[in-house]
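1. sharing a sequence plus its predicted fold:
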Amino acid sequence: MSPAKKVMQEGLWTNNPIFVQVLGICSTLAVTNNLRNTLIMVVGVTFATAMGSLTLSALKDFIPRKVRMIVQVLVLSFYVIIVDILLRAYLPAASKQLGPYVGLIITNCILMGRAEAFAAANKPWLSFVDGIANGLGYGWVLVVLAIIREFLGFGSLFGLKILGDGFTPWTIMVMAPSAFFLVALALWAANTYKAKLGGKK
Amino acid sequence: MIDAPNVGLVSLFFASILTSNILLANFLGMCSFISISKDFKSSMGLGLAVTMVIGICSAVCWAVLYFIIKPLGIEYLSFIIFIIVIAAVVQMLEMIIDRFSPSLYMALGIFLPLITVNCAVLGVILFMQIRSYNFLQAVVFGFGSGAGWWLAIMLLAAIRTKLDANNAVPAGLKGTGITLITIGFMAMAFIGFSGMIAVQ
């Protein structure tokens, strides 16, 4: 398997940022009660992770070890600012709804985690692929959660009503606790599956 | 200059602890919350440190926002500036703790610098900016949110001590899974406060 393909597989599944590394939980919980905002968030995070990893990997030989953390944060916030400005210009309504969570991509552990764990030791191109893979690995989990939460919580997807008036929305699904429960259930399923695979080997 | 919302300071303080708890309602500061809450003593120390960092950063960033960023019209740089302010405050706090309480410094270890990337800190500051609080409100909101985070991590650490003593948790759910479910129940309990006071 080519290295890029392997990195892709790791980000999406075997080393998934949410299930395996348990990173970036904050935004996973906060934005997933609405599918549209979730997609915007996923694109933002993927872009920032990929570009951040690319830049930091290209610069890694020029950054003194002592100030590495702060340089990483500055580079990453640079890309988040780009995301924020683009959102404000083209999707002002969504930008308002997401509120502080766009700025909070900076402190999303996935970005720092990949910069530190992967980009610091690998070539720029591969780091870029790794960033994309982790962004998408984070993304598909979020999208699944958002589909469940929006469907059961509002009876809609992308804001379009799907279930008729006879459906009673599960208000709990749009509130905070359900996010915790769903992520926990997803983790449980992933762990059990992994244990099963391990047992077979 | 600022169009501050009309909220009393006392109700803002209690609201930020209970009804809009930074962790249970806004999901901020999860990473260190989950990993540190294993241990009661470090939870205490980290809670204290986070409360101080959020409170101080909220005040400093308010001043930076209204005396530097707004007059210069460089709002687009505000994320970077806030992060730098947070990093500086954390660095200072680290030196102070190291000087006055080496045991606490040892206990917090790696997690102190990580407060810089604790989303609760940046989150509080961004909420403060979006809701255009005045200075006193910003300080009260900062310390209140910190105290709310502290309360939540202490509660969770206490529950986890009991949970670990009991081996009834299914294997796949151990660790993060059961912790998230516990936090979910805590969030539900905190929703019970929501009739009391609301500031959004």
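-> On my side now, so go ahead. Numbers count the residues shown, from 1 in each chain, chains lettered A, B, ... in the order given.
2. now A:T32: phi and psi?
-> Phi and psi for A:T32, reported as degrees, to the nearest 10, are phi -80, psi 10.
3. verify the contact between it and A:V42 for me.
-> No. Counting by Cβ atoms under 8 Å, A:T32 sits too far from A:V42 to count as a contact (10.2 Å). (Each C-beta comes from the backbone N, C-alpha and C, glycine too.)
4. comparing these two, which residue is more hemmed in?
-> Each of A:T32 and A:V42 has its neighbours counted (other Cβ atoms under 10 Å in any protein chain shown); A:T32 has more, 28 against 21.
5. any idea how far chain B is from the more buried one?
-> 10 Å (Cβ to the nearest Cβ, to the nearest Å).
6. model confidence score at that residue, please.
-> Reading off the confidence values, A:T32 has pLDDT 80.
7. need the contact list for it.
-> By Cβ atoms under 8 Å, 6 or more residues apart in numbering or on different chains, the residues touching A:T32 are A:38, A:142, A:145-146, A:149, A:179.
8. quick check: next helix or strand after the lowest-mean-pLDDT helix or strand in chain B?
-> The helix or strand of chain B with the lowest confidence, counting by mean pLDDT, DSSP states H and E, is helix B:111-114 at a mean of 68. Once helix B:111-114 ends, the next helix or strand along the chain (criterion: DSSP states H and E) is helix B:119-130.
9. quick check: nearest residue in space to B:P170, chain neighbours excluded?
-> Nearest residue to B:P170, sequence neighbours excluded (Cβ to Cβ, 6 or more residues apart in numbering or on different chains): A:W188, at 7.3 Å.
10. and stretch B:129-137, what's its mean pLDDT?
-> Mean pLDDT, stretch B:129-137: 88.
11. briefly note if the longest helix seen in chain B comes near chain A.
-> Looking across chain B with DSSP state H, the single longest helix is helix B:135-165. No. Helix B:135-165 lies apart from chain A when judged by Cβ under 8 Å from any Cβ of the partner chain; the minimum separation is 11.4 Å.
12. counting by contacts, list what that helix packs against.
-> Here helix B:135-165 touches helix B:9-14, helix B:30-36, helix B:40-64, helix B:119-130, helix B:176-191, going by 3 or more Cβ pairs under 8 Å, 6 or more residues apart in numbering or on different chains; DSSP states H and E.
13. at 6 Å instead, please
-> Contacts defined by 3 or more Cβ pairs under 6 Å, 6 or more residues apart in numbering or on different chains; DSSP states H and E place helix B:135-165 against helix B:9-14, helix B:40-64, helix B:119-130.
14. what angle do it and helix B:176-191 make?
-> Orientation note: helix B:135-165 sits at an angle of 130 degrees relative to helix B:176-191 (axes from the mean of the first three to the mean of the last three Cα atoms, to 10 degrees).
15. residue with max distance from the center of chain A?
-> Using Cα atoms, centre = their mean, the residue of chain A lying farthest from its centre is A:G166. It sits 34.4 Å away.
16. please enumerate the shared neighbours of A:T32 and A:V42.
-> When contacts are counted by Cβ atoms under 6 Å, 6 or more residues apart in numbering or on different chains, A:T32 and A:V42 are jointly contacted by A:L142.
17. now chain A, which segments are flagged as low pLDDT?
-> Residues of chain A meeting the criterion pLDDT under 70: A:1, A:164, A:199-201.
18. residues from it in reach of chain B?
-> Residues of chain A lying close to chain B (Cβ under 6 Å from any Cβ of the partner chain) are A:22, A:25-26, A:29-30, A:70, A:73, A:77, A:81, A:99-100, A:103-104, A:106-107, A:109, A:112, A:176-177, A:180-181, A:183-184, A:187-188, A:191-192.
19. switch to 7 Å and redo it
-> A:22-23, A:25-26, A:29-30, A:70, A:73-74, A:77, A:80-81, A:85, A:99-100, A:103-104, A:106-107, A:109, A:112, A:175-177, A:180-181, A:183-184, A:187-188, A:191-192, A:195 (Cβ under 7 Å from any Cβ of the partner chain).
20. list the ones among the residues you listed that fall in helices.
-> A:25-26, A:29-30, A:70, A:73-74, A:77, A:80-81, A:85, A:100, A:103, A:109, A:112, A:176-177, A:180-181, A:183-184, A:187-188, A:191-192, A:195.
21. emit the ChimeraX select command for whichever of these are buried.
-> Buried members of these can be picked out in ChimeraX with the line below, counting by 16 or more other Cβ atoms under 10 Å in any protein chain shown:
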select /A:25,26,29,30,70,73,74,77,80,81,100,103,109,112,176,177,180,181,183,184,187,188,191
